[in-house]
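give me coordinates for this.
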Amino acid sequence: MLLDRQLFRVFALSLALFSGMHAFAQNDVEAIYIFAYFKGNGEDGLHLAYSKDGYQWEALKNDTSFLRPELSKDKLMRDPCIIRGADGLFHMVWTISWTDKGIGYASSKDLIHWSDQQYIPVMQGEAKARNCWAPEITYDSGSKTYMIYWATTIQGEFPETQIEADNAYNHRMYYVTTKDFKTYSDTRLLYDPGFNVIDATIAKINDKWIMFLKDETKEPVQKNLKMAHAARLEGPYSAAGKPITEGYWAEGPTLTKVDSTWLLYFDKYTAHQYGALASTNLKDWEEVSEKVRLPKGIRHGTIFKITQKELQNIVRESAPGK
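Alright, predicted model coming up:
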């Protein structure tokens with residue numbers, strides 16, 4: 001009888017472990033990729049598309065706006081970056097203007113109903129700051145801290161790379177940190193690679209923080225994507241590597257993983273189309289632009305994941321008549 005009870009316990013434990021593994025596998029299989037992006041100049045706000053395989057994308061809500069911009073005199077919502085926070089909320093930052101010294105922030109439980117839009121004056125302390133472009137958020141689970149980072153030109157800074165072309169923009173990457181999106185650290189310089197840099201996005205992969213960035217140099221022309229790495233989210237970051245894009249101008253990189261393959265999406269902005277690279281080791285990159293399909297007119301955005309249930313809720317709640 002004792003042996004029977006022990007066998008039953010082993011069987012029950014094995015069944016529980018199998019059920020847990022099966023549920024995890026189901027949740028993993030059911031993960032949906034979401035692309036947050038803007039169209040035009042960002043006048044109508046946030047657009048969302050979804051994909052089940054990471055390659056073929058369909059616009060949600062008939063490719064109309066999920067959130068219209070309210071901040072700044074320009075009222076734009078360009079370069080939306082959304083992540084799911086440790087608190088379960090979706091946190092979004094975006095470019096509010098071509099010339100403002102701040103960025104926009106809002107949060108949501110379901111990507112449909114959003115908090116009030118908040119203005120974060122990240123460069124107000126810099127009298128000669130000209131802009132704040134393409135902010136992104138990355139979460140550090142070790143320190144339980146969010147880092148928000150963006151590109152700014154401060155007139156007179158970094159004269160060694162100053163030229164008159166491209167409206168004399170000469171960007172570097174700056175950042176603040178926060179734990180609650182209510183109070184923020186002082187603004188600090190994040191990355192000076194020795195050239196005009198914009199559109200950084202950072203992900204932790206294994207034990208390194210990997211930064212994808214755009215070399216914005218016009219003379220001699222670069223306009224390509226490169227990579228750098230660091231042991232800490234706040235750096236210091238390595239020198240930028242060799243270009244991973246060539247033959248076209250590229251910007252706005254965003255990274256996701258499909259099975260064992262990393263996919264890097266980006267805006268081929270002079271060609272008015274999106275591109276993608278694939279890699280299994282983050283060193284050797286294959287051009288896969290011909291394998292992806294995205295909504296017409298999609299511009300710089302970010303990719304993240306939601307569940308099948310969350311997608312069903314978005315489709316239901318954003319249906320006509322709702």
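
need phi/psi at residue 61.
Torsion angles at residue 61 (phi, psi; degrees, to the nearest 10) stand at phi 60, psi 40.

looking at it, it is touching residue 48, isn't it?
Yes: with contacts counted by Cβ atoms under 8 Å, residue 61 reaches residue 48, the gap being 7.1 Å. Yep, even glycine has a C-beta here, placed from its N, CA and C like the rest.

for the nearest residue to residue 185 once chain neighbours are set aside, give the beta-bridge partners.
Leaving aside its sequence neighbours, residue 185 sits nearest to residue 177 (Cβ to Cβ, 6 or more residues apart in numbering; 4.6 Å). Going by DSSP bridges, residue 177 is paired in beta bridges with residue 147.

neighbours of residue 177, how many?
18 (other Cβ atoms under 10 Å).

how much space between residue 92 and residue 156?
32 Å (Cβ to Cβ, to the nearest Å).

equivalent analysis for residue 66, please.
39 Å.

the two: who's more crowded?
Using other Cβ under 10 Å as the criterion, residue 66 and residue 156 rank with residue 66 on top: 19 against 9.

what about the closest residue to that one other than its chain neighbours, neighbour count?
Leaving aside its chain neighbours, residue 66 sits nearest to residue 46 (4.6 Å; criterion: Cβ to Cβ, 6+ apart). Residue 46 sits with 24 neighbouring residues when counted by other Cβ under 10 Å.

go ahead and confirm residue 46 touches residue 67.
Yes: contact criterion Cβ under 8 Å: residue 46 and residue 67 qualify, at 4.3 Å.

need the residues touching each of the two.
Residues touching both residue 46 and residue 67 (Cβ atoms under 8 Å, 6 or more residues apart in numbering) are residue 77.

and stretch 155-169, end to end?
8 Å (Cα to Cα, to the nearest Å).

just how off-centre is it within its chain?
Between the centre of stretch 155-169 and the centre of its chain there are 27 Å (Cα atoms, centre = their mean, to the nearest Å).

contact partners of it?
128-131, 153, 170, 172, 192, 194-196, 216-219.

narrow those residues to those in strands?
Among those, the residues falling in strands (DSSP state E) are residue 172.
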